[in-house]
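Trainee: 3D, please:
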Amino acid sequence: MEIKNALKMMIEKPSVSGFEASMSNIIASFFKDNCNDIKRDKLGNLIVYKKGTSKTPIKIMLAAHMDEIGLMVKDIDKNGFVKFTNIGGVDQRTLLAQEVIIHGKKDVFGVIATKAPHLQTPEERKNAIKIEDMLIDIGLSKGEAEKIITIGDPITINRKMIPLQNNVIAGKSLDDKAGIAAMIECFKELKKIQHQCDVYGVATVQEEVGTRGAMVSTFQISPDIGIAIDVGFGKTPELSKDDTLELGKGPGLGFGANIHPKIHERLKEIAKEYNIPYQIELSPGNSGTDAQSIQITQSGVATGVISIPLRYMHTSVETIDITDIKNTGKLLAYFISSLDDEDLEGFLCF
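Mentor: Below you'll find the model as predicted:
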């Protein structure tokens with residue numbers, strides 16, 4: 001399937017942390033022609049396996065999370081308005097006046113609202129409205145609402161994918177559907193080339209609430225090398241170039257305490273060899289990705305991070321360049337094909 005269509009299907013399907021099951025089925029359909037096996041673990045991670053040519057292969061794990069930030073029903077007031085809380089790192093300033101879908105017994109559309117500015121005090125108008133002061137208006141009475149909505153139901157922003165110019169698209173949950181798309185591109189490329197490694201592609205769950213899916217999947221697979229594919233902060237005019245990645249100029253190769261230096265160097269070498277554009281992303285401490293759990297599982301895993309530039313992170317208009325996704329997939333495939341079981345020990349030595 002063409003990458004833009006795959007992204008559209010993924011970002012328009014709900015996958016709030018802890019509620020990823022339907023997304024897992026969609027993602028599995030994208031891999032079925034390019035792998036040897038697909039399975040799910042007890043937490044809900046989707047694990048895609050492609051066998052290498054070596055009898056004693058290196059195991060490499062790619063991880064990109066399928067979950068998205070979202071909201072959750074916490075009460076229905078006497079007038080039928082829905083009170084809610086957040087799941088993951090939601091910026092409450094972006095919520096007001098959004099259209100939402102409450103995923104109850106059936107999907108229910110609503111709008112997030114609060115007092116009109118005309119009715120607010122001068123002091124209230126100065127401050128951002130807190131999430132506890134917002135309500136979702138669904139147009140139903142309390143009794144009608146309770147027939148189809150339950151406390152704990154997940155809520156997503158009602159947002160379709162928006163095609164912009166020059167291969168750029170916008171939409172919700174591109175953090176980290178872009179990473180899933182890059183993994184799909186990698187497996188497509190691996191079908192064309194020989195590789196000794198056994199490759200495990202994991203669409204992880206619950207990254208946004210503590211990288212939980214990466215913890216259990218890494219423990220199960222016990223890889224020699226793990227690479228987290230996520231998104232990095234895209235450059236906009238008000239942001240420093242030193243802290244951001246530019247759209248259209250290739251993936252960011254993470255470098256820092258969470259990242260094995262030899263993996264970082266090999267990724268750079270492969271990018272140069274195949275003329276794939278890349279950027280350097282500094283991560284002095286925790287990378288804030290699945291890599292933090294991959295690295296410290298069992299006795300430790302040599303870990304890398306590749307970040308796809310993305311603007312407006314954790315909003316409903318996250319923006320990305322599709323060429324960066326394609327280049328990420330190619331870089332990963334060529335990196336994997338460069339590894340063999342003979343040089344693993346030397347390669348991973350500090």
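
Trainee: and residue 155, what are its bridge partners?
Mentor: residue 71, residue 102 (DSSP bridges).

Trainee: and it, how far is that from residue 315?
Mentor: Distance, residue 155 to residue 315, using Cβ to Cβ, to the nearest Å: 16 Å. No exception for glycine: its C-beta is placed from N, CA and C like everyone else's.

Trainee: Please tell me how far the spatially most central residue of the chain sits from residue 324.
Mentor: Centroid-nearest residue in the chain, with Cα atoms, centre = their mean: residue 176, separated by 1.6 Å. Per Cβ to Cβ, residue 176 is found 13 Å from residue 324.

Trainee: Then residue 220?
Mentor: Taken as Cβ to Cβ, the span from residue 220 to residue 324 is 30 Å.

Trainee: for residue 160, same thing?
Mentor: 21 Å.

Trainee: buried residues in stretch 280-288?
Mentor: 281, 283, 287-288 (16 or more other Cβ atoms under 10 Å).

Trainee: Now tell me what touches it from outside.
Mentor: Here stretch 280-288 makes contact (Cβ atoms under 8 Å, 6 or more residues apart in numbering) with 228, 230, 232, 242, 245, 252-259, 292, 305, 307.

Trainee: and it, what's its mean pLDDT?
Mentor: Across stretch 280-288, pLDDT averages out at 84.

Trainee: That stretch: how far from the chain's middle?
Mentor: Once both centres are worked out by Cα atoms, centre = their mean, to the nearest Å, stretch 280-288 turns out to sit 17 Å from its chain's centre.

Trainee: same deal with stretch 167-176?
Mentor: 10 Å.

Trainee: Can you measure across it, start residue to end residue?
Mentor: 18 Å (Cα to Cα, to the nearest Å).

Trainee: Thought residue 247 was touching residue 168, still the case?
Mentor: Yes. At 6.8 Å, residue 168 and residue 247 qualify as touching, with contact defined as Cβ atoms under 8 Å.

Trainee: what helices or strands is the strand or helix carrying residue 10 leaning on?
Mentor: Using DSSP states H and E, residue 10 falls within helix 3-11. Packing partners of helix 3-11 (3 or more Cβ pairs under 8 Å, 6 or more residues apart in numbering; DSSP states H and E): helix 21-31, strand 168-171, helix 174-190, helix 322-337.

Trainee: If you count surrounding residues, which of residue 155 and residue 315 has more?
Mentor: residue 155 (26 against 20; other Cβ atoms under 10 Å).

Trainee: Distance-wise, check the residue nearest to the centre of the chain relative to residue 269.
Mentor: 26 Å.

Trainee: now residue 130, nearest residue through space, not along the chain?
Mentor: residue 92 (6.3 Å; Cβ to Cβ, 6 or more residues apart in numbering).

Trainee: quick one, what contacts that neighbour?
Mentor: With Cβ under 8 Å, 6+ apart, residue 92 has these contacts: 86, 128-131, 134.

Trainee: cool, residue 203 as well?
Mentor: If you count contacts by Cβ under 8 Å, 6+ apart, then residue 203 has 23-24, 27, 45-46, 48, 64-66, 180, 183 around it.

Trainee: go on, residue 14?
Mentor: 22-23, 68, 70, 101, 103, 154, 156.

Trainee: Mind picking the lowest-pLDDT entry from those residues?
Mentor: residue 22 (91).
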